[in-house]
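Asker: Quick one, fold the following:
(4 chains, ligands or ions: 8)
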4 protein chains.
Amino acid sequence: MKAARLESVSEMATRSVEKPIAGPGEILVKVLAAGICGSDRHMFKGEYPTARPVTLGHEFCGTVESIGQGVTRFSGGELVTIDPNIACGICPACRNAQPNLCARLTAIGVTRDGGFAEHAAVPEGQAFLLPADLDPVHGAFSEPLACCLHAIDKAEIRSGGSVAILGGGVIGLLMVQLAKLEGAAKVILITRQASRRQMALDLGATHAFDPSATDTVSAVRDLTGGGADVVIECAGVPETLRTGIAMTRRGGNFVLFGVTPAGLEVPITPFDLLVNEVTIRPAYLNPFTHDRAAALVASGALELDKLVTKTIGLDDVAAVIGQSPEAGEIKVIVRP
Amino acid sequence: MKAARLESVSEMATRSVEKPIAGPGEILVKVLAAGICGSDRHMFKGEYPTARPVTLGHEFCGTVESIGQGVTRFSGGELVTIDPNIACGICPACRNAQPNLCARLTAIGVTRDGGFAEHAAVPEGQAFLLPADLDPVHGAFSEPLACCLHAIDKAEIRSGGSVAILGGGVIGLLMVQLAKLEGAAKVILITRQASRRQMALDLGATHAFDPSATDTVSAVRDLTGGGADVVIECAGVPETLRTGIAMTRRGGNFVLFGVTPAGLEVPITPFDLLVNEVTIRPAYLNPFTHDRAAALVASGALELDKLVTKTIGLDDVAAVIGQSPEAGEIKVIVRP
Amino acid sequence: MKAARLESVSEMATRSVEKPIAGPGEILVKVLAAGICGSDRHMFKGEYPTARPVTLGHEFCGTVESIGQGVTRFSGGELVTIDPNIACGICPACRNAQPNLCARLTAIGVTRDGGFAEHAAVPEGQAFLLPADLDPVHGAFSEPLACCLHAIDKAEIRSGGSVAILGGGVIGLLMVQLAKLEGAAKVILITRQASRRQMALDLGATHAFDPSATDTVSAVRDLTGGGADVVIECAGVPETLRTGIAMTRRGGNFVLFGVTPAGLEVPITPFDLLVNEVTIRPAYLNPFTHDRAAALVASGALELDKLVTKTIGLDDVAAVIGQSPEAGEIKVIVRP
Amino acid sequence: MKAARLESVSEMATRSVEKPIAGPGEILVKVLAAGICGSDRHMFKGEYPTARPVTLGHEFCGTVESIGQGVTRFSGGELVTIDPNIACGICPACRNAQPNLCARLTAIGVTRDGGFAEHAAVPEGQAFLLPADLDPVHGAFSEPLACCLHAIDKAEIRSGGSVAILGGGVIGLLMVQLAKLEGAAKVILITRQASRRQMALDLGATHAFDPSATDTVSAVRDLTGGGADVVIECAGVPETLRTGIAMTRRGGNFVLFGVTPAGLEVPITPFDLLVNEVTIRPAYLNPFTHDRAAALVASGALELDKLVTKTIGLDDVAAVIGQSPEAGEIKVIVRP
Ligand SMILES: NC(=O)c1ccc[n+]([C@@H]2O[C@H](COP(=O)([O-])OP(=O)(O)OC[C@H]3O[C@@H](n4cnc5c(N)ncnc54)[C@H](OP(=O)(O)O)[C@@H]3O)[C@@H](O)[C@H]2O)c1
Ligand SMILES: NC(=O)c1ccc[n+]([C@@H]2O[C@H](COP(=O)([O-])OP(=O)(O)OC[C@H]3O[C@@H](n4cnc5c(N)ncnc54)[C@H](OP(=O)(O)O)[C@@H]3O)[C@@H](O)[C@H]2O)c1
Ligand SMILES: NC(=O)c1ccc[n+]([C@@H]2O[C@H](COP(=O)([O-])OP(=O)(O)OC[C@H]3O[C@@H](n4cnc5c(N)ncnc54)[C@H](OP(=O)(O)O)[C@@H]3O)[C@@H](O)[C@H]2O)c1
Ligand SMILES: NC(=O)c1ccc[n+]([C@@H]2O[C@H](COP(=O)([O-])OP(=O)(O)OC[C@H]3O[C@@H](n4cnc5c(N)ncnc54)[C@H](OP(=O)(O)O)[C@@H]3O)[C@@H](O)[C@H]2O)c1
Ligand SMILES: [Zn+2]
Ligand SMILES: [Zn+2]
Ligand SMILES: [Zn+2]
Ligand SMILES: [Zn+2]
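Answerer: Ligands and ions are numbered 1, 2, ... in the order given. As a prediction, this is how the structure comes out:
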């Protein structure tokens, strides 16, 4: 079968590999749709540790083609979405209900072969059932959505409240929809590209600001009478960290979601954090949320098609991952 | 009567003023004991806004001498502790159950006359009943303790868990006792002065480290197998902010309590916060905790006498506040 | 001015009384719209304690006509909604952030004159600003809505989850909208009257069942794959208490909101509660939620006009309150 | 080897069976101490479903004697405590962080052979490391303690608060110690046997009442000024359910822990629950708490020896389980 393989740092190619077999407790998934994620680009450049060689692709959806020994929940033919993150279940973090912080975390499409391939073999427990008639492209959004839901849990949005979201990539545009879904009366997106601001407004944001043209801290504070109840940082740059904290209302929640480079330092002002009681809540990965994400995707409550800006085949994966995102790119979907 | 008055920046004197009268809804308190707090020194230097002239003293305890019109809960003679922070009750923060973030907060001993005097007139609602036979010096600890309880609520300590406390002033030494009381199995105090480390061990800390002699991050991580469940910063300096975050376990809580100078920036590493999911929870003042603090003081569960390193009269207040704390000083009590 | 007065048990009349004057700290409100609530009927019958004689009416909205001494937040002309519940601020419950459980709670329209009158004098702190151009009838919904928001806080609805609501009165129909607003994917209303079930579906419910024709426990369990994440009881009868608990999923929340008669006992099965870990969370009154309710009403996110089934003048108040609700009645609004 | 086997309802015998072998992913534990629990008596009588024949014993501790294929965390010789409850990891409850509500829960000592035997084979993941020098009898307390910790998490005890515990069996006496450890200032045990009340006082309870001689509701309300902040029901009888709810303060938590017979109904008064906002929180089994229980046992913070009223060998297990508990019995320990 064909697979897009990361061979070594900055070397990726689509080539023929042996079709995997479902081992004991595993299922073999025929991949129907897989999303390219910013992390794939980091892995390509060696900025994020992976197995090598390895088939990338950690956001995917497909049908169960065959089942390994001992598998009981699937018989074949089901549409499933895969949670790529495999927690060990027995380290202190796992035993404390924090599998996202598992000391021995492995991941499909990172430390073992993933979904940029015609088939992938995965442990039964990582697969979540979807309705048979769901568009598999929607199913491929379950993984980023599950991460967003974890952030939303930490955000504690209340009906009628205000939410500011910094960064208008696919994550920011999912967050806009989730904030709306949670009943936020004011949903503000801050991003530089005009097309994304427009899309956010189309998706239900009530306001959108360009950080290169507007003093976003003042704008959000004016609009909300002192600061947003919740601010979600999804850009991963120092500027949004500083402005994001500054635009959170006294007693509000600042959710840290964007990934800044390892080691990079950003100055904060503890006095302001303290007297304003702004809580900083990081949200990392998808603990106990993949199930809810699959259900939410299945419910049709989210607009996902608009987020897909390009669809490619396996042969083009390396080219897309090897380059910076094009202007206007939101989500590239691979259909093997 | 005599009162220790802040007249203007860096000018303080004990002099005779008119004895206050309990206005409508107020009680007149005969002050029996009042604590000097680090904030008093900041107010003296003009680093923290106050009325001027004003009688300082926001941690105090005394007996009700007379009652103003409409007062129903007191008749005279009761021993009371005073919550100095007066919230307006009707600003957005007050209406959101966050009176510590009240937009119109005033404070006894800061914006109106306080407890470094023979008498003080305060609104009835700011007074909390204590058992008649309680040592008034203990009652004077209710205010700092109430702030600590708010921090403890944010810390979410679990029985059997580990807590590291940075800064061994009166606050740190109260926190040690509270962490112990919450069932923490490991309570680690980090402070430079050896006498304070010894006192912490006497008060129930299981370990104490000198940050000038030990790599406290490694020490705490070794001792706890990866980081403390909860870290409480009570020193208010950049170093403890950085080391404190670094010694918090993955998924743990870092409680920000110490007051750093306004405007001072401290670098943090967002990548580490994110992948370790360390939550930063500031705790400011005493929302809904003064009642519990008074009850806790009354229960006798805390060792408070050991924290009093000096007792002075009203005439010596200006001298103590006008100087830096002496080596070994923990809490100075004023007995008018 | 005219006022609808409860004179003694089961005796109510609209008559001329002296126009009230705004005392110190009070404002005089010209009432524009006031809602009749089921509790008004209980007060009429003497089943709920009130002052007597007293002007009823605890859900109202109007403009500030004059202000008493010391009032600073209003100058006259503002549109306001009134929180009728006046907490003392200093009892143990108030000092524990539970003003709805205040030991000395008084209430406008219950223990002092309320809003079924041309004017009402109320403490400044009970008034919440609304946009000047808001329909005052919408403003009159703030009070029941604030109670519902407290219940919604206790419910902990998650995006994509399922919510069953029992009882299709005005409360149930507000809850349907709030559950929808919180992102619930399945919102199920259970009530006997067909017209209400239809209205619920119009307002966003995904399903509606008639408890006299359907086994609602089975229906909800089937629909949700084992029970609703959240069940909100808004009928106040023994049947809904029992079926409501039984239709909650394992680990789910049952919110008790309906008022059953004092002293009435209902059997529950502790074994089932335990092994299914169904939590019973009562929600009573509106602690810290009136502000959010006012903002939500102002945002226009709720459909309120459809809930008004009749509008009357002051002269008809006694007749409506003295009788049982008519079939199809949801909310009767009084416009003085 | 010898094992105490439940053969059929009410038929139990200690006899020779084949020594188990550690299968793949399993470890073989040499049992050093195992506790007899009230549930064992229910299983004996067929009131609780089990496999049959089966070796009972779900509270045990021992050393790792050999390891199966693929086991990496143990090499042999380690002292371990066993969590008997095996969750499937992939049902909706497991994926929602509620493994105690797992739809396919199995249990060691219930649906597969347990610890009333010389050896037991268990999945590696069910074993938790203890310090090598810990008394294995203490290790055997980890399981009931883990269940208690789950209840304590739900109780939300605050330092200085009041806790009433109903039922003075081993569970109640562990709860007394945990409430104390959480900083409760008042810990009240209610149980009929005088010897248990005395033991509770020895273990740190501040008060103990005899429900057959005292009106416990009045006694607790008087002592706490209106009701305990937290009430934990550990008797499993209708009387304690009713009195327990009635002695909870307004806004307090009633934790349901005792197991009443399946199907048994107990009347409650919804009106009282509502206007007092007493939350009913059931706590079932030990989700994510076995690790903390093992650490707590290891820390030595609990008095466990006093709770052991008898120590027997394998041959006497059937006799003890086949009879009602003797007067004064708290915990019987089996040492194979
Ligand atoms: N915590 C987790 O578990 C988790 C999971 C997945 C992803 N992530 C992280 O979440 C972040 C967002 O992911 P994504 O896929 O949406 O990536 P993305 O496309 O890179 O989105 C980030 C966007 O932020 C915008 N941005 C950059 N500088 C900005 C500024 N100064 N102010 C406002 N917006 C700015 C950019 O859009 P414009 O050009 O329009 O400004 C950029 O496209 C990334 O850091 C990713 O690594 C975290
Ligand atoms: N958030 C609130 O509501 C609130 C309320 C009250 C007080 N506070 C703040 O809480 C903090 C503590 O109050 P306090 O009265 O206890 O004041 P304090 O006596 O000034 O205590 C701070 C102590 O921290 C220690 N320290 C300084 N540098 C350190 C370092 N690098 N590492 C470890 N320890 C260090 C010092 O003791 P050694 O000399 O032994 O190192 C110092 O005495 C202050 O910042 C105060 O403003 C906050
Ligand atoms: N907790 C609080 O703070 C608070 C605040 C306000 C109100 N409340 C209470 O909330 C409840 C609802 O208030 P409301 O104004 O909406 O009153 P309501 O009009 O009396 O609503 C209750 C509705 O429940 C329905 N019902 C009766 N028996 C039923 C059954 N067996 N199954 C399903 N539905 C049934 C009835 O509608 P059908 O004829 O269509 O069945 C009835 O109209 C009342 O008990 C009220 O006292 C509580
Ligand atoms: N939820 C869970 O996960 C879980 C886990 C383990 C155990 N449990 C349950 O927890 C309960 C306690 O367990 P245990 O092992 O301690 O059992 P236990 O020895 O049966 O303890 C219950 C004690 O309650 C006392 N009691 C009986 N009637 C009473 C009354 N009217 N008022 C006050 N006390 C009364 C009895 O002691 P006196 O003779 O002194 O009155 C009895 O010994 C049991 O129901 C058990 O099934 C639950
Ligand atoms: Zn793990
Ligand atoms: Zn305020
Ligand atoms: Zn009150
Ligand atoms: Zn399961």
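Asker: which residue ranges form the helices in the stretch 101-250 of chain A?
Answerer: In the stretch 101-250 of chain A, the helices defined using DSSP state H, counting those that start in this stretch lie at A:136-139, A:142-155, A:170-181, A:194-202, A:216-224, A:238-246.
Asker: Is the third one positioned near chain C?
Answerer: When you say that, I think you mean helix A:170-181. Yes: against chain C, helix A:170-181 shows contacts by C-beta under 8 Å from any C-beta of the partner chain at A:178, A:181. No exception for glycine: its C-beta is placed from N, CA and C like everyone else's.
Asker: Indicate whether that helix makes contact with chain B.
Answerer: No: Helix A:170-181 does not reach chain B (C-beta under 8 Å from any C-beta); its nearest approach is 13.2 Å.
Asker: for that helix, what is the average pLDDT?
Answerer: The average of the pLDDT scores along helix A:170-181 is 98.
Asker: Check which helices and strands it is in contact with.
Answerer: helix A:142-155, strand A:162-166, strand A:186-190, helix A:194-202, strand A:228-233 (3 or more C-beta pairs under 8 Å, 6 or more residues apart in numbering or on different chains; DSSP states H and E).
Asker: How many residues are close by whichever residue of the stretch 201-336 of chain A sits closest to ligand 6?
Answerer: The stretch 201-336 of chain A approaches ligand 6 most closely through residue A:250 (10.9 Å), counting by C-beta to the ion. When neighbours are counted by other C-beta atoms under 10 Å in any protein chain shown, residue A:250 registers 20.
Asker: and residue A:24, how many residues sit next to it?
Answerer: 11.
Asker: any idea how far residue A:3 is from residue A:322?
Answerer: 16 Å (C-beta to C-beta, to the nearest Å).
Asker: Look at those two and report which has more neighbours.
Answerer: The neighbour comparison of residue A:3 against residue A:322 (other C-beta under 10 Å) goes to residue A:3, with 29 against 13.
Asker: for that one, what are its contacts?
Answerer: For residue A:3, the contact set (C-beta atoms under 8 Å, 6 or more residues apart in numbering or on different chains) comprises A:14-17, A:55, A:113, A:116-118, A:314.
Asker: give me that answer again for 6 Å
Answerer: Contact partners of residue A:3, counting by C-beta atoms under 6 Å, 6 or more residues apart in numbering or on different chains, are A:17, A:55, A:117.
Asker: before we move on, what about residue A:287?
Answerer: For residue A:287, the contact set (C-beta under 6 Å, 6+ apart) comprises A:99-100.
Asker: How about the residue nearest to residue A:197 when sequence neighbours are not counted: which residues does it bridge to?
Answerer: In this structure, residue A:197 finds its nearest non-sequential neighbour in residue A:208, 3.7 Å apart by C-beta to C-beta, 6 or more residues apart in numbering or on different chains. For residue A:208, the beta-bridge partners are residue A:189 (DSSP bridges).
Asker: Is it correct that residue A:208 is in contact with residue A:189?
Answerer: Yes: when contacts are counted by C-beta atoms under 6 Å, residue A:208 is listed as touching residue A:189 (4.7 Å).
Asker: which of those two has more neighbours?
Answerer: For residue A:208 versus residue A:189, the count of surrounding residues by other C-beta under 10 Å is larger for residue A:189: 28 against 21.
Asker: and the end-to-end length of stretch A:96-110?
Answerer: 25 Å (C-alpha to C-alpha, to the nearest Å).
Asker: what sits against the residue lying closest to residue A:246 once chain neighbours are set aside?
Answerer: Leaving out its chain neighbours, the residue that sits closest to residue A:246 by C-beta to C-beta, 6+ apart is residue A:217, at 4.7 Å. Shown in contact with residue A:217 (C-beta under 6 Å, 6+ apart): A:243, A:246-247.
Asker: do residue A:334 as well
Answerer: Residue A:334 touches A:34, A:116, A:312, A:317, counting by C-beta under 6 Å, 6+ apart.
Asker: Whichever residue of chain A sits closest to ligand 1 and residue D:126, how far apart?
Answerer: In chain A, the residue that lies nearest ligand 1 is residue A:169 (2.2 Å; C-beta to the nearest ligand atom). According to C-beta to C-beta, residue A:169 and residue D:126 sit 42 Å apart.
Asker: which stretches of the stretch 201-336 of chain A form strands?
Answerer: With strands called from DSSP state E, counting those that start in this stretch, the stretch 201-336 of chain A shows them at A:207-209, A:228-233, A:248-256, A:266-268, A:279-282, A:308-312, A:331-334.
Asker: picking up where we left off before, would you check that the residue of the stretch 201-336 of chain A closest to ligand 6 makes contact with residue A:276?
Answerer: Yes: here residue A:250 reaches residue A:276: they are 4.4 Å apart, a contact under C-beta under 6 Å.
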